[in-house]
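Chemist: need a structure here:
(chains A and B)
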Number of protein chains: 2
Amino acid sequence: MKSLMKEKLKIVKIGGNVINDPAYLQVFLQDFARLEGLKILVHGGGKKATELSESLGIKTKMINGRRITDEAGLDVVTMVYAGLLNKKIVAGLQKYNCDAVGLSGADGNSIKAHKREVKEVDYGFAGDVDEVSDQMILTLINAGFSPVFCAITHDKKGQLLNTNADTIASELAKALSSKFQVELVYCFEKDGVLTELDDDSSIIEFIDKEVYAELLSKGLIAGGMLPKLSNCFDALEHGVSRVLIGRPELIRETSRKHTLMTL
Amino acid sequence: MKSLMKEKLKIVKIGGNVINDPAYLQVFLQDFARLEGLKILVHGGGKKATELSESLGIKTKMINGRRITDEAGLDVVTMVYAGLLNKKIVAGLQKYNCDAVGLSGADGNSIKAHKREVKEVDYGFAGDVDEVSDQMILTLINAGFSPVFCAITHDKKGQLLNTNADTIASELAKALSSKFQVELVYCFEKDGVLTELDDDSSIIEFIDKEVYAELLSKGLIAGGMLPKLSNCFDALEHGVSRVLIGRPELIRETSRKHTLMTL
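Modeler: Next up, the predicted model:
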């Protein structure tokens, strides 16, 4: 029966709290390099894009917590996410003997998106994902490489687009779950999903659909966490085997407190 | 005997004159996309890095025509070369159905370099190439992808480095010539190697070692061209089958005037 079992694949997403702190990032990269088995890293942007925009006199517009990406802003995130951060992360992983390959969704046409439709808000060059093509990703991971994705996609018509990194991670996880047993790990600045934002002891260690419905009905999940959790259930419903949410150390210390989500 | 013949591989290098002109770049990308067979694109930086440095108040220091790369300058070239330019080129090629994958020398540990030794001049984070590892490149081209390299390398100790794009192209060509019949094409703003810089009719259409020695003894090659030609002969002596030098249109119109170099 063993030959019928899918191989395990870990997809780990890190955000600003790791990326903004060079020493913390080094520790994380060493941990990620040591992870056994097939793995993909997805990274967000951190504060560097905002800093570069400010240095260049480009104003960062935000609506409903989302960055509005005009043309100058798209150049900035492409430079910072696909250039500076992606290549620093890859060079860091190579140092620890993890054979990383840094990628955007344009590379190998791996993540095709479309410019978000203008309704009440014009988000500019924000990309909503249409399709993940797994050919390049499979080619690389089957040859022993670890893809490192930044949150830049394209529309296959020559236009780069800025896409949310959480979404990149869940779309990759969904697409690859037909071939692998995928575990999706979201690393952020808390121990896991909390009912009280400033109290790590309020962690919810296990969430399935039933628990989720109860948490929702009691209004126990903070606003910012709602799209993240809905994203996670979407991934689980599309074949991802489980989702883990917690601090980056979670990938090293599996005993560490975290939130585990399954269907 | 056919099975003993190596497959052809074209390595094309473009520089600032293509990259600085968006319309010209589109035409070139369409031509490159249409090239039959295995191919790799290497791109230089153009003026965008200098512009970004100026916007950020970073002074670009040049010694002997080479950029001195301090830490802020390295961040700038990493952002511009590996981020903005590399991903715009990849997205452009994808538009024309060329399945491009954008890379730096850190990716897949493909081009390992060391920080240039400080002698009379401290070039900062300039990288001199030690070794090309072909594993990732072979994995990608054998699966039908076209690698697109920017001129950023790493030292395998976590440090990114700024490397001359002509050198990247010739080092890739040398390393891959054990597996492929490699043709190296340098595209620039002239018809080919000229004896009089402003006169396209002074083109030297064929250069081998004998012609080269004669040109050198007569002092017929302009100063800026000397390192380029010495680079080309180095490539030819390490197994590259031929080198072509000329305008970017040369990859489309093979009848177009150009300089052909062989041993």
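
Chemist: from here on, contacts and neighbour counts on C-alpha atoms
Modeler: OK.

Chemist: specify the local secondary structure of A:A175.
Modeler: Three-state call for A:A175 (DSSP: H, G, I helix; E, B strand; the rest coil): helix.

Chemist: any idea how far the closest residue to it other than its chain neighbours is from chain B?
Modeler: Spatial nearest neighbour of A:A175, excluding adjacent residues (CA to CA, 6 or more residues apart in numbering or on different chains): A:V132 at 6.3 Å. To chain B, A:V132 is 14 Å away according to CA to the nearest CA, to the nearest Å.

Chemist: residue contacts, A:V132?
Modeler: Each residue near A:V132 by CA atoms under 8 Å, 6 or more residues apart in numbering or on different chains is listed here: A:110-112, A:171-172, A:175.

Chemist: one more time with 7 Å, if that's ok
Modeler: A:110-112, A:172, A:175 (CA atoms under 7 Å, 6 or more residues apart in numbering or on different chains).

Chemist: bridging residues for it?
Modeler: A:I111 (DSSP bridges).

Chemist: same list, the contacts of A:V132, but as JSON lines with pLDDT and neighbour count please.
Modeler: Formatted as JSON lines, the contacts of A:V132 follow (pLDDT from 0 to 100; neighbours: other CA atoms under 10 Å in any protein chain shown):
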{"residue": "A:S110", "pLDDT": "98", "neighbour count": "22"}
{"residue": "A:I111", "pLDDT": "98", "neighbour count": "25"}
{"residue": "A:K112", "pLDDT": "98", "neighbour count": "24"}
{"residue": "A:L172", "pLDDT": "98", "neighbour count": "25"}
{"residue": "A:A175", "pLDDT": "98", "neighbour count": "19"}
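
Chemist: may I see the residues you listed organised as TSV, with distance to A:E120 added?
Modeler: Below are the contacts of A:V132 laid out as TSV (distance: CA to CA, whole Å):
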residue	distance to A:E120
A:S110	30
A:I111	26
A:K112	24
A:L172	29
A:A175	30
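
Chemist: ok, those vs A:Y96, which is closest?
Modeler: A:L172 (24.4 Å; CA to CA).

Chemist: picking that back up, now do the same for the residue nearest to A:A175: its pLDDT.
Modeler: At A:V132, the predicted lDDT confidence score is 98.

Chemist: any idea how many residues pack against A:K119?
Modeler: 7 (other CA atoms under 10 Å in any protein chain shown).

Chemist: how near is it to B:F28?
Modeler: Here the distance between A:K119 and B:F28 works out to 36 Å (CA to CA, to the nearest Å).

Chemist: run the chain-centre distance for stretch A:26-35.
Modeler: 16 Å (CA atoms, centre = their mean, to the nearest Å).

Chemist: hmm, who's touching that stretch?
Modeler: A:92-93, A:96-98, A:248, A:252.

Chemist: ok, now stretch A:239-255?
Modeler: A:28, A:31, A:173-174, A:177, A:181-192, A:232, A:236, A:256, A:258-262.

Chemist: is it true that A:I152 touches A:N164?
Modeler: No: counting by CA atoms under 7 Å, A:I152 sits too far from A:N164 to count as a contact (8.4 Å).

Chemist: I'd say A:I11 and A:H43 touch.
Modeler: No: the pair A:I11 / A:H43 is not scored as a contact, 10.7 Å apart, by CA under 7 Å.

Chemist: between the two, which is the more surrounded one?
Modeler: A:H43 (27 against 22).

Chemist: up against chain B, what does the stretch 51-200 of chain A have?
Modeler: A:55-56, A:75, A:78-80, A:82-84, A:90-92, A:94-95, A:99-102, A:106-109, A:154, A:156-160 (CA under 7 Å from any CA of the partner chain).

Chemist: filter those to the buried ones?
Modeler: A:75, A:78-80, A:82-84, A:90-92, A:94-95, A:99-102, A:106-109, A:154, A:156, A:158-160 (16 or more other CA atoms under 10 Å in any protein chain shown).

Chemist: and for A:G224, the neighbour number?
Modeler: Count around A:G224 with other CA under 10 Å applied: 9.

Chemist: next up, phi/psi of the closest residue to A:K39 other than its chain neighbours, please.
Modeler: The spatial neighbour of A:K39 that comes closest, neighbours along the chain excluded (CA to CA, 6+ apart), is A:K10 at 4.7 Å. Dihedral pair for A:K10: phi -100, psi 130, per degrees, to the nearest 10.

Chemist: what sits against A:K10?
Modeler: By CA under 7 Å, 6+ apart, the neighbours of A:K10 are A:38-40, A:182-184.

Chemist: in strands, which of those residues fall?
Modeler: Using DSSP state E, the subset of those located in strands is A:38-40, A:182-184.

Chemist: tell me which two in these are the farthest apart.
Modeler: A:L38 and A:L184 (12.3 Å).

Chemist: which one's more surrounded, the two?
Modeler: A:L184 (27 against 18).

Chemist: would you confirm that that one contacts A:K8?
Modeler: No: under the criterion of CA under 7 Å, A:L184 makes no contact with A:K8, lying 10.9 Å away.

Chemist: joint contacts of the two?
Modeler: With CA under 7 Å, 6+ apart, A:L184 and A:K8 have no common neighbours.

Chemist: show me what counts as buried in stretch A:63-77.
Modeler: A:67-70, A:73-77.

Chemist: narrow these to those in strands?
Modeler: Checked against DSSP E, the buried residues of stretch A:63-77 include these in strands: A:67-68.

Chemist: and A:Y96, how many neighbours?
Modeler: A:Y96: 18 neighbours (other CA under 10 Å).

Chemist: quick check: phi and psi on it?
Modeler: Here A:Y96 shows phi and psi, under degrees, to the nearest 10, equal to phi -90, psi 20.
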